[in-house]
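Student: all I have is the shape, not the residue letters:
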């Protein structure tokens, strides 16, 4: 695949922006969590693009597999984050019978 | 050909990402997220990271997506008032869109695995096959990244315990200790007022 690294990075940037947009604008907690997952995926894509560029340039001192390894850790953290977030959504739903962000504004002060 | 596939998958990923934040119902949002995961997995495969692509499919499209769908099913989020505002035609159109994206993504993945799957990273040090890449990755993971790896396992264990503690249903007779300390609970105040 002879795609320039900039295109991979641009795709990651677009996906991250979409995630930020969804995180800031949506009210449904599940969609907010899905937007966070989208942002984490964009970060993964950035790691992969960087690793691929390193491999193509033959940079010494770092393994070209550092990108995938960091992506693996990001996937792991994303799994933990999704589990905790969904458990919080269930606990909130039990209290409020709603998953709207507006229903939990008591900490706003 | 691989370049065309990459751009097709990029367009698919962006369209699915837009679907995630534009869908009115959480179910469609999560299904669009599934499409984005598939597209990104194809891109990883094209870039030569086979193990990462498989992990993306297994962990994201398998585990995390099942978690999301399970919570949506559990909370019965489909029949909020959002459906009432939607006409039937728009709903079926959305369903068609999601089904079309999923079918397209599956077709692309099929093409990828059939013809263009094995395209290893073009490195200066040649690693010919995907097995070799996996071996290098494992050696790296268990030597240089030993401490993060162990920390990750600890994180997963703590997540498991924490999720059970958070989502555990309180029985009626038991004293509540999970939710009582949270500032948004109303129950302790009500108990004090009734006492």
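Tutor: Alright, I've got the coordinates. All figures in this text were calculated on a predicted structure; none of them were measured in a lab.

Student: flag every buried residue along stretch A:23-35.
Tutor: Neighbour-count burial for stretch A:23-35 flags A:23, A:26, A:28, A:29, A:30, A:31, A:32, A:33, A:34, A:35 (criterion: 16 or more other C-beta atoms under 10 Å in any protein chain shown). Just so you know, the C-beta spots here come from the backbone N, C-alpha and C atoms, and that holds for glycine as well.

Student: end to end, how far does that stretch reach?
Tutor: For stretch A:23-35, the first-to-last residue distance is 6 Å (C-alpha to C-alpha, to the nearest Å).

Student: centroid residue for chain A?
Tutor: residue A:40 (1.6 Å; C-alpha atoms, centre = their mean).

Student: report the contact partners of residue 74.
Tutor: I went with chain A, as the question did not name one. By C-beta atoms under 8 Å, 6 or more residues apart in numbering or on different chains, the residues touching residue A:74 are A:40, A:43, A:44, A:47.

Student: sorry, I should have been clearer: chain B.
Tutor: Residues near residue B:74 by C-beta under 8 Å, 6+ apart: residue A:90.

Student: helix or strand: which one has residue A:19?
Tutor: Here residue A:19 sits within helix A:5-25, counting by DSSP states H and E.

Student: tell me the average confidence for the top helix by length along chain A?
Tutor: Taking DSSP state H as the criterion, chain A has its longest helix at helix A:66-96. Mean pLDDT, computed over helix A:66-96, is 91.

Student: next one: it to chain centre, how far?
Tutor: On the basis of C-alpha atoms, centre = their mean, to the nearest Å, helix A:66-96 is displaced by 10 Å from the centre of the chain it belongs to.

Student: how about that helix: buried residues?
Tutor: Buried residues in helix A:66-96 (16+ other C-beta under 10 Å): A:66-76, A:78-93.

Student: do the same with stretch B:48-64
Tutor: Residues B:48-53, B:55-57, B:59-61, B:64 are the ones in stretch B:48-64 that count as buried (16+ other C-beta under 10 Å).

Student: now do stretch A:4-14
Tutor: Neighbour counts using 16+ other C-beta under 10 Å place A:8, A:9, A:11, A:12, A:14 of stretch A:4-14 among the buried residues.

Student: quick one: contacts of it?
Tutor: Applying C-beta under 8 Å, 6+ apart, the contact partners of stretch A:4-14 are A:42-43, A:45-46, A:48-50, A:52-53, A:56, B:6, B:10, B:13-14, B:17, B:43, B:47.

Student: any part of stretch A:31-49 near chain B?
Tutor: Yes - remark: stretch A:31-49 sits within contact range of chain B at A:31, A:33, A:34, A:35, A:37, A:38, A:41, A:44, A:45, A:48, A:49, by C-beta under 8 Å from any C-beta of the partner chain.

Student: gap between that stretch and the chain center?
Tutor: That offset, for stretch A:31-49, works out to 3 Å (C-alpha atoms, centre = their mean).

Student: what is the mean pLDDT for it?
Tutor: Mean per-residue pLDDT for stretch A:31-49: 94.

Student: before we move on, the earlier item: which ones among the buried residues of stretch B:48-64 lie within strands?
Tutor: Assignment to strands by DSSP state E places none of these there.

Student: contact partners for residue B:10?
Tutor: By C-beta under 8 Å, 6+ apart, the residues touching residue B:10 are A:7, A:11, B:39, B:43.

Student: quick revisit: among the contacts of residue A:74, name the ones in helices.
Tutor: Among the contacts of residue A:74, the ones falling in helices (DSSP H) are A:40, A:43, A:44, A:47.

Student: in the residues you listed, which residue is surrounded by the most others?
Tutor: When neighbours are counted by other C-beta atoms under 10 Å in any protein chain shown, residue A:44 leads the ones in helices among the contacts of residue A:74 with 26 neighbours.
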